[in-house]
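Student: predicted model follows, preceded by the sequence.
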Amino acid sequence: MKIISQKTRPYLILAATILVLAIVDRGRGNVLSGATVFSALQYLATLGPVALGLSLTMLVREYDLSVAGVFGLAGCVAVLVGADYPALGFAAAMLTGAASGFIQGLIITRLQMPSIGVTLGGLLTAIGLAYVITGNQTLSSDNIDLALALNARVAGLFTPRSIIALALAVAFAMALYWLWIGRDLIAIGSDRRAAHTAGVRVDALMVAVFTTSGVLAALSGALLSYSLASASPSGLSDVLVPATAAAILGGVSLSGGTGTPLGVTAGVLMLGVLRAGLNALGAPPFAHDMSMGAVLLAVAILDAPGIRAFFGRFQMTGNRAEDQTVRAR
Amino acid sequence: MKPSVLSDMSVPVTPAPGRFTWMTDRIDFVDGLRIAVFAALAIGAVLTPGFLSVPSLLSLLTTLSFVGCVAVGMTMITLSGNIMSFSLGATAAAAAVAFVHVLNAWGLAAGIAAALVTGALISAAQGLIIGSLRANPIIVSIASLALIYGVLNLLTGNATLDVETGSVLSPAWRRPFGIPIEALAFLLCLFIGQCLLSFTVFGRRVFLIGSGMRSADVLGLRVWRSVTAVYAWAGVFAAMAGILLATRYNQANMEYGIGYDYDAIAAVLVGGVAIKGGIGSMWRTLAGVCLMATVQVVLLLHGFRQEWQYLIAGLIVLLVVVLQARRRS
C-alpha cells in the first residue's frame, strides 16, 4: 500500500509548501510574489539539471555521487577553456561530464560493481582534477557580457538559465513518457535480471544513464560558472545533498523504478520555493535546513517498507499479496 | 516464504562458526594485491627523506586520527549493510559544540560524557528509524544532516564557541608517553570497535544483518535493536572525533567535520570493507585510513602541492574500489 502515491506526491508537497508559506505570511504578499517565483526558478536553474541526472541514475537503482564533483569540475573547465570562446569552453565542460559519466558507467556495468563505491572514487577524482586545473585558486572570467546575458530577465520571471532547465525537464519528461526509454529504465530499476531476460539492453542503457547524469551535472556547473563569471574548485561542490533531497521529494526512490522528470522538477521547485519563501518571510537561515530536513525525514518514513507493512495490516485481505511484495523489496 | 530468502541465507556469514576470533575475515587474492600496494607504499614512504622523522610521523598520526574516528563509526554502518551515512561529520560537529558548552559549565569529564551522549542519541535516532521502519539509510542520513545543521545553527548562530579556560588539556596531557592524545583516542576507538565486532553477540548480529537483513529477520533477530545500537556506536565514535577537534583547537564550530563523511567512507572502502555489508573489520579500516594519510604526507614531502594530493587520493580510491570487483567475479 502506498500512503501517498509517488506520482502525485511531489506536486502535493509543492502545493503544501506554498500553502503553508502563504498562511504564515498572512496575506502580506511577501511570499506570493514574482520575486519568490523568480528566485525559485533561479534555484531550479542551478539545481534542476543535476537533480534530473541524479534521478535518472536512481531510477535504474544506482546512485551517482560524482555529480557534485563533475558540477564543480565542469564550471572550472568552462571558465578555463572558454576564456576567449565561451562556446568552446561550454563544449569542453560538457565533454568532461560525458567522459566522466561514460567511464564510470563502463566500470559499473563491465565489472558489475555497486555504483556508490565507483562514483565516490569519481567524486574525489573530479574534485582533485578541479583543484589541479585551477591551481587551487578561484578563477574569474572577463566575460561579463555573457554573465549579464545569462542572468537577463525574460518575461519578468525567467532567465535563459532557468528556461534551459525547464526545457530540459520537459524534454526528458516527453522522452521518458513516449519513447521506449522510459519503460526500459523503469524495468531496469524494478528488476534488472527480468529486464535483461525481456531483451532490455541493460548495460548500454546504464552507461547512457551515467553519461547523461555527467552531462547534465556539467551543464549546470558550466552555466552557473558563466553566470557568476567565476569558478572555484571548492565553492560549488555542495550540490549532492540538495539534489538528492529534490529527487526524493520528487517521487524518486533509491530502491529504483519510480520517478518522473516533472516530479523531480517539482521537488527542486519545492526546495526553491521553501528557500525563497522563508527568505521573504525574514526567517533565520537555519529555518530552511530544518524544514527541508523535516520534510525529507517525513518522506523517508512514509516511504519505508516497514511503515507500509504496518498500515497494510489494516487493509482488507485482498491487498495482502501486494503488501508482501512491498515487504520483500 | 520465497526462494530468494534461501539464497540470501546461503551467503556465508564470514566469521568461523562457534568461535570468537580476532580475524573476522579471510584474506584473499585481491587483499594480497592490496597488501602489495600497501607494502610498496610503505617502502616508498620510508625511502622518502623526512618521512621517518619523529615530528613528521607524529603529525601524520594526529591528522589521520580525526577522520579515523569517524571512519570507525562508518565501518559499523557499512558492515551492518547500511552503506554509508552523510551525517557523521555533522554529528562530530554537534558533539564538539556540546563538549565545549558543557566543559565550560561543569568541567572536562562532564563535557566528554555530554559529547558522547549527544553523538549517540543523534545517531541512534536515525538507527531506530532505519532499523524499525526499514527506511532508506542514505535518505535518513541526508535528512538528519540538514536537521543537525539547522539545530546547530539555531543554537550557536554559526559562531565559534571558545573554551573559557583557554586550553582543554595541559601540554603534558597532549602527548602522554610522547604519543599524541588524538592517536591514542583513535586507537581506543578502533580497539573498542573491533572488540564489539569480534567478541560480542552484538558483533555477530552486525555481520549477520549486514550479510542479509531479511535472513536476520527470518532467524527471528530483533533487527531494529542491533541497527539502533550500530548507529549509536557510530555516533559515539563520530563524537570522539568532535571531542578531539575541540580539544585540539580549544574551540568548537558547526563547520567542524565537513567533508569527513567522504574521507571516512573512502578509507573504509580502500581498506576493503565490502560496501554491501557483512564483510570487513576495523583493521581494514585502519589500513585504509593509514593508506590515505600516508599518501598525502608522501606527496607533500615530495613537493607535490595540495591540489595534486586531492587528485591522487581520488584516483587511489577509484583504483582500489575497482580492484575490489575481482573478488566477487
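Tutor: That came in fine, so what should we check first?

Student: any idea which helix or strand carries B:R248?
Tutor: Using DSSP states H and E, the element containing B:R248 is helix B:223-249.

Student: tell me how many other residues surround A:R275.
Tutor: By the measure other Cβ atoms under 10 Å in any protein chain shown, the count of residues near A:R275 is 22. For every residue, glycine as well, the C-beta is placed using N, CA and C.

Student: could you check how far it is from A:A246?
Tutor: From A:R275 over to A:A246 the distance is 12 Å, taken as Cβ to Cβ, to the nearest Å.

Student: just checking the distance from stretch B:215-227 to the centre of its chain.
Tutor: For stretch B:215-227, the gap between its own C-alpha mean and the chain's C-alpha mean amounts to 23 Å (Cα atoms, centre = their mean, to the nearest Å).

Student: that stretch: end-to-end distance?
Tutor: Between the opening and closing residues of stretch B:215-227 lies a distance of 14 Å (Cα to Cα, to the nearest Å).

Student: on that earlier part again, need the next SSE after the helix holding B:R248, C-terminal direction.
Tutor: Later in the chain than helix B:223-249, the nearest helix or strand by DSSP H and E is strand B:251-252.

Student: and that next one, what does it pack against?
Tutor: helix B:88-106, strand B:161-162, helix B:223-249 (3 or more Cβ pairs under 8 Å, 6 or more residues apart in numbering or on different chains; DSSP states H and E).

Student: all strands for the stretch 51-200 of chain A, in order.
Tutor: With DSSP state E, counting those that start in this stretch as the definition, the stretch 51-200 of chain A shows strands at residue ranges A:139-140.

Student: spell out which parts of it neighbour chain B.
Tutor: The stretch 51-200 of chain A has residues A:63, A:107, A:111-114, A:116-118, A:120-129, A:131-132, A:134-136 near chain B, with proximity defined as Cβ under 8 Å from any Cβ of the partner chain.

Student: in terms of pLDDT, where does the nearest residue to A:T159 once chain neighbours are set aside sit?
Tutor: Take A:T159 and drop its neighbours on the chain: the residue closest to it by Cβ to Cβ, 6 or more residues apart in numbering or on different chains is A:N151, 5.5 Å away. In this model, A:N151 is scored at 79, pLDDT.

Student: buried set for stretch B:114-133?
Tutor: Neighbour-count burial for stretch B:114-133, with 16 or more other Cβ atoms under 10 Å in any protein chain shown as criterion, is recorded at B:114-120, B:122-133.

Student: ditto for stretch A:285-300
Tutor: Of the residues in stretch A:285-300, those buried by neighbour count under the rule 16+ other Cβ under 10 Å are A:286-293, A:295-297, A:299-300.

Student: which residues does that stretch contact?
Tutor: Contacts of stretch A:285-300 with the rest of the structure, by Cβ atoms under 8 Å, 6 or more residues apart in numbering or on different chains, involve A:9, A:13, A:17, A:242, A:245, A:248-249, A:271, A:274-275, A:278, B:129, B:135-136, B:139-140, B:142-154, B:158.

Student: ok, A:G135 - how many residues close by?
Tutor: A:G135 has 10 neighbours, counted by other Cβ under 10 Å.

Student: do I have it right that it meets B:E307?
Tutor: Yes: under the criterion of Cβ atoms under 8 Å, A:G135 is in contact with B:E307, at a separation of 6.6 Å.

Student: dump the buried residues of stretch A:285-300 into JSON lines; add secondary structure and pLDDT as well.
Tutor: Compiled in JSON lines, the buried residues of stretch A:285-300 are given as follows (DSSP: H, G, I helix; E, B strand; the rest coil; pLDDT from 0 to 100):
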{"residue": "A:F286", "secondary structure": "helix", "pLDDT": "85"}
{"residue": "A:A287", "secondary structure": "helix", "pLDDT": "87"}
{"residue": "A:H288", "secondary structure": "helix", "pLDDT": "84"}
{"residue": "A:D289", "secondary structure": "helix", "pLDDT": "85"}
{"residue": "A:M290", "secondary structure": "helix", "pLDDT": "89"}
{"residue": "A:S291", "secondary structure": "helix", "pLDDT": "88"}
{"residue": "A:M292", "secondary structure": "helix", "pLDDT": "87"}
{"residue": "A:G293", "secondary structure": "helix", "pLDDT": "89"}
{"residue": "A:V295", "secondary structure": "helix", "pLDDT": "87"}
{"residue": "A:L296", "secondary structure": "helix", "pLDDT": "87"}
{"residue": "A:L297", "secondary structure": "helix", "pLDDT": "91"}
{"residue": "A:V299", "secondary structure": "helix", "pLDDT": "85"}
{"residue": "A:A300", "secondary structure": "helix", "pLDDT": "87"}
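
Student: tell me the one of those residues nearest A:W180?
Tutor: A:V299 (29.9 Å; Cβ to Cβ).

Student: tell me how far that closest one lies from B:I316.
Tutor: In this structure, A:V299 lies at 36 Å from B:I316, with Cβ to Cβ as the measure.

Student: then B:G150?
Tutor: 35 Å.

Student: picking up where we left off before, put the buried members of the contacts of stretch A:285-300 into a ChimeraX selection.
Tutor: Buried residues within the contacts of stretch A:285-300, as defined by 16+ other Cβ under 10 Å, are selected in ChimeraX through the command that follows:
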select /A:9,13,17,242,245,248,249,271,274,275,278 /B:129,135,136,139,140,142,143,144,145,146,147,148,149,150,151,152,153
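
Student: among the contacts of stretch A:285-300, which are in helices?
Tutor: Among the contacts of stretch A:285-300, the members found in helices (DSSP state H) are A:9, A:13, A:17, A:242, A:245, A:248-249, A:271, A:274-275, A:278, B:129, B:139-140, B:142-154.

Student: check contacts around the closest residue to A:Y177 other than its chain neighbours.
Tutor: On the basis of Cβ to Cβ, 6+ apart, the spatially nearest residue to A:Y177 that is not a chain neighbour turns out to be A:T260, at 7.7 Å. Contacts for A:T260 (Cβ under 8 Å, 6+ apart) come out as A:7, A:173, A:176-177, A:250-251.

Student: among those residues, which one has the most neighbours?
Tutor: Tallying neighbours with other Cβ under 10 Å puts A:G250 at the head of those, with 31 neighbours.

Student: tell me the contacts of the closest residue in space to that residue that isn't next to it in sequence?
Tutor: Ranked by Cβ to Cβ, 6+ apart and with sequence neighbours excluded, the top spatial neighbour of A:G250 is A:G267, at 2.8 Å. Contacts were defined as Cβ under 8 Å, 6+ apart; by that measure A:G267 touches A:10, A:13-14, A:51, A:245-252.

Student: circling back: buried sites along the helix holding B:R248?
Tutor: Residues B:223-224, B:226-249 are the ones in helix B:223-249 that count as buried (16+ other Cβ under 10 Å).

Student: now residue 281: phi and psi?
Tutor: Because you didn't say which chain, this covers chain A. Note on A:L281: backbone dihedrals following degrees, to the nearest 10 are phi -80, psi -10.

Student: oops, I was thinking of chain B
Tutor: Taking degrees, to the nearest 10 as the convention, B:S281 sits at phi -160, psi 170.

Student: again, but for B:I279
Tutor: For B:I279, the backbone dihedrals are phi -130, psi 130 (criterion: degrees, to the nearest 10).

Student: measure it to B:T78 for me?
Tutor: Counting by Cβ to Cβ - B:I279 and B:T78 are separated by 10 Å.

Student: for the most centrally placed residue in chain B, which non-adjacent residue is closest in space?
Tutor: When Cα atoms, centre = their mean is applied to chain B, the residue found nearest the centroid is B:A71 (1.6 Å). With sequence-adjacent residues excluded and distances taken as Cβ to Cβ, 6+ apart, B:A71 is closest to B:A264, at 4.1 Å.
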